[in-house]
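Participant: How does the following fold in three dimensions:
(one chain, ligands or ions: 3)
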Amino acid sequence: MRRYHVTTFGCQMNVYDSSRLEGLLAAKGWALAAAKEEADFIFLNACSIREKAAQRVIARLKELKPLKKARPEIIVGVGGCLAEQEGVNFLAKVPFLSLVAGPRRLEEIPALLDTLDPHGPAVVLAGDSPKVATKPIYTPKKADLSSFVTIMEGCDNYCAYCVVPYLRGREKSRPEEEVIKEVTQLLAKGAQEIVLLGQNVNSYAPNSLDALNEPPFVSLLKKLDALPGLARLRFTTSHPKDFSLELINLFGTLKTLAPSLHLPLQSGSDKILKAMGRKYDLNRYLDLVANLRRVRPDIALYTDIIVGFPGETEEDLALTIKALDLIQFDAIFSFKYSDRPQTKALNLPDKVPEEVKTDRLIRLQERQKAISLVKNEAHIGSTVEVLVTGLGRHPGQLSGRTGGFKIVNFLGDSQLIGHFSAVTITGASATSLTGELLSPLNESDVLSD
Ligand code: SAH
Ligand code: SF4
Ligand code: F3S
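Facilitator: Ligands and ions are numbered 1, 2, ... in the order given. Sure, this is the predicted structure:
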């Protein structure tokens, strides 16, 4: 039996793409190899969002050289956004590659492997697929408790720093019926939570004949909310420029929509936001936050921040830190600006030196750490609903997530994994909560397993 080994880098969309690829390989009789050394096909699904992400993949590929030398019959392939970016150039960097496949071409791989000669010339697949218009429904044998479903791909926003539009192509939405069917099947296979994915889910725009007077993403969420068996619904990522009032209101009306939102701010300085081409200013963002909290006071808010964008001054950083103080995010994901090929920012003047970026990142993260700690401590004494996803770090501990996406560790029986538990919060750090099990929320759920 042929064996495969897939390693995934980058965002949730790459995770989703990898699981589809693995599912398609399994359907063609491939088995999962316990280790790379035992695989006939080794595949790295790569990311290119920052230079470091790209370098990491190239280093990992180069580590495979001795293995390929010892067993020349294995097929080593690279995929995802970095494969799209490099295309045929990848073969100069890593000469023993047999396959380079961009993110829109991964589904062609299983058929290709039937004929690909590991000793022959490499195959490079990039750009849009000539054949694949929609994604066939993908359902694994057993769904993850929290399962990803990509609803749209690509991006038309061209933020000045970002390489994604060049690598994932123009925005393309999956038909609504296809999404609903995939979600239904995942729920039937044990998923409790569904996370909808897209570079900007707000611009979900399937060619639907449904002439409803609301954004198609709002209409999709309403339909998914009504599906039996769905406990929690999340989505990521959305863009502040087109986050509609209708969408905000759903946080107050849909029973399954979890009270957490990842809404990338990028900077608190209007000058930098403009240079980034984000098409909103801080005031617009603050309005969104106020409206979200009006509709759902307990909503947990997460964001992305880039420090050291070209032209960023100390004053601009001060404005970003002030924005963190004002908004009180639950947590942030923060990055040093990284030059990416093809992007507008690559050619901007006033690049910020690396050591200044590092210093700014540390200061930003320190301020946020204090805010996150206070936010998390506010949960002490309250009882939260935890979807138990696995074992915790310490013996006897379980781990799970609240509706607000906070990690909670608590002592409990491993039978609770896969179910909801009521947990009273007794402790907090900047990154997680600890608690005591009050009760499994749904006794019949636990016993019926
Ligand atoms: N589509 C998502 C972002 C995907 S990339 C959105 O618009 O929200 C995830 C995050 O990586 C971005 O939000 C941004 O903060 C960061 N990022 C993207 N390009 C970057 C670059 N060139 N340098 C540093 N960070 C970057
Ligand atoms: Fe990149 Fe901007 Fe598109 Fe997000 S919205 S993927 S940051 S170009
Ligand atoms: Fe990376 Fe591509 Fe995702 S560049 S972050 S894998 S969209």
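
Participant: what sits against Val163?
Facilitator: Contacts for Val163 (CB atoms under 8 Å, 6 or more residues apart in numbering) come out as 48-49, 81, 85, 340-343. C-beta here means a position set from N, CA and C on the backbone, and glycine is covered the same way.

Participant: For the stretch 1-150 of the chain, which residues are neighbours of ligand 1?
Facilitator: With the criterion set to CB under 6 Å from any ligand atom, the stretch 1-150 of the chain comes near ligand 1 through 49-50.

Participant: what bits of the stretch 1-150 of the chain have low per-residue confidence?
Facilitator: 131-133 (pLDDT under 70).

Participant: For the residue in it that ligand 2 sits nearest to, which residues are in contact?
Facilitator: Per CB to the nearest ligand atom, Ile49 is where the stretch 1-150 of the chain lies closest to ligand 2, at 8.3 Å. Shown in contact with Ile49 (CB under 8 Å, 6+ apart): 10-11, 81, 162-164, 338, 340.

Participant: looking at those residues, which has the most residues close by?
Facilitator: Highest neighbour count within the contacts of Ile49: Cys81, with 27 neighbours (other CB atoms under 10 Å).

Participant: Need phi/psi at the residue lying closest to Asp242 once chain neighbours are set aside.
Facilitator: Distances taken as CB to CB, 6 or more residues apart in numbering place Asn202 nearest to Asp242, at 4.6 Å, with adjacent residues excluded. Per-residue torsions, Asn202: phi -60, psi -30 (degrees, to the nearest 10).

Participant: Asp298: which element?
Facilitator: Using DSSP states H and E, Asp298 maps to neither a helix nor a strand.

Participant: ok, and the closest non-adjacent residue to it?
Facilitator: Pro259 (5.3 Å).

Participant: what's the domain layout of this structure?
Facilitator: For the chain, automatic domain parsing gives the domain ranges 3-125, 139-258, 259-377, 383-445.

Participant: ok so, going back, mind checking the backbone torsions on the residue nearest to Asp298?
Facilitator: Note on Pro259: its backbone torsions stand at phi -80, psi 60 [degrees, to the nearest 10].

Participant: Now do the contacts for the closest residue to ligand 2 within the stretch 301-449 of the chain.
Facilitator: As assessed by CB to the nearest ligand atom, ligand 2 sits closest to Asp304 within the stretch 301-449 of the chain, at 8.1 Å. By CB under 8 Å, 6+ apart, the contact set of Asp304 is 262, 264-266, 332-335.

Participant: Which members of those additionally contact ligand 1?
Facilitator: Subset of these in contact with ligand 1: 264, 266, 335, counting by CB under 6 Å from any ligand atom.

Participant: sorry, back to before: pLDDT value on the residue nearest to Asp298, please?
Facilitator: pLDDT recorded at Pro259 is 98.

Participant: does Arg284 really touch His239, like I thought?
Facilitator: No: between Arg284 and His239 there is no contact, the gap being 11.3 Å when judged by CB atoms under 8 Å.

Participant: out of those two, which sits in the more crowded spot?
Facilitator: Higher neighbour count among Arg284 and His239: His239, with 20 against 15, using other CB under 10 Å.

Participant: Leaving aside the residues adjacent along the chain, what's closest to the more buried one?
Facilitator: Of all residues not flanking His239 in the chain, Asn200 sits nearest, at 4.4 Å (CB to CB, 6+ apart).

Participant: residues contacting that neighbour?
Facilitator: Contacts here follow CB under 8 Å, 6+ apart; on that basis Asn200 touches 152, 155, 157, 171, 237-239, 242.

Participant: so where's the stretch 151-300 of the chain uncertain?
Facilitator: Low-confidence segments of the stretch 151-300 of the chain (pLDDT under 70): 208-212.

Participant: OK, contacts around the closest residue to Arg401 other than its chain neighbours?
Facilitator: Closest residue to Arg401 apart from its sequence neighbours, by CB to CB, 6+ apart: Leu387 at 5.6 Å. By CB under 8 Å, 6+ apart, Leu387 lies in contact with 145-146, 192-193, 231-232, 400-401, 419-420.

Participant: Is Leu387 in a helix, a strand, or coil?
Facilitator: strand (DSSP: H, G, I helix; E, B strand; the rest coil).

Participant: For the stretch 151-300 of the chain, which residues are neighbours of ligand 1?
Facilitator: Close to ligand 1, as judged by CB under 6 Å from any ligand atom, the stretch 151-300 of the chain has residues 161-162, 164, 199-200, 237, 239, 264, 266.

Participant: filter those by proximity to ligand 3?
Facilitator: Restricting those to those touching ligand 3 (CB under 6 Å from any ligand atom) yields Val164.

Participant: So which of the residues of the stretch 151-300 of the chain next to ligand 1 belong to helices?
Facilitator: Those of these mapping onto helices are Val164, per DSSP state H.

Participant: Any chance of a markdown table for the residues of the stretch 151-300 of the chain next to ligand 1, columns distance to Arg104?
Facilitator: Formatted as a markdown table, these follow (distance: CB to CB, whole Å):
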| residue | distance to Arg104 |
| --- | --- |
| Tyr161 | 22 |
| Cys162 | 17 |
| Val164 | 13 |
| Gln199 | 13 |
| Asn200 | 17 |
| Thr237 | 19 |
| His239 | 21 |
| Pro264 | 23 |
| Gln266 | 26 |
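
Participant: just the residues of the stretch 151-300 of the chain next to ligand 1 now: which is nearest Glu73?
Facilitator: Using CB to CB, Val164 comes nearest to Glu73 of those, at 35.5 Å.

Participant: any idea how far Phe329 is from the nearest residue to the closest one once chain neighbours are set aside?
Facilitator: Using CB to CB, 6+ apart and skipping the chain neighbours, the partner closest in space to Val164 is Cys155 (5.1 Å). According to CB to CB, to the nearest Å, Cys155 and Phe329 sit 23 Å apart.
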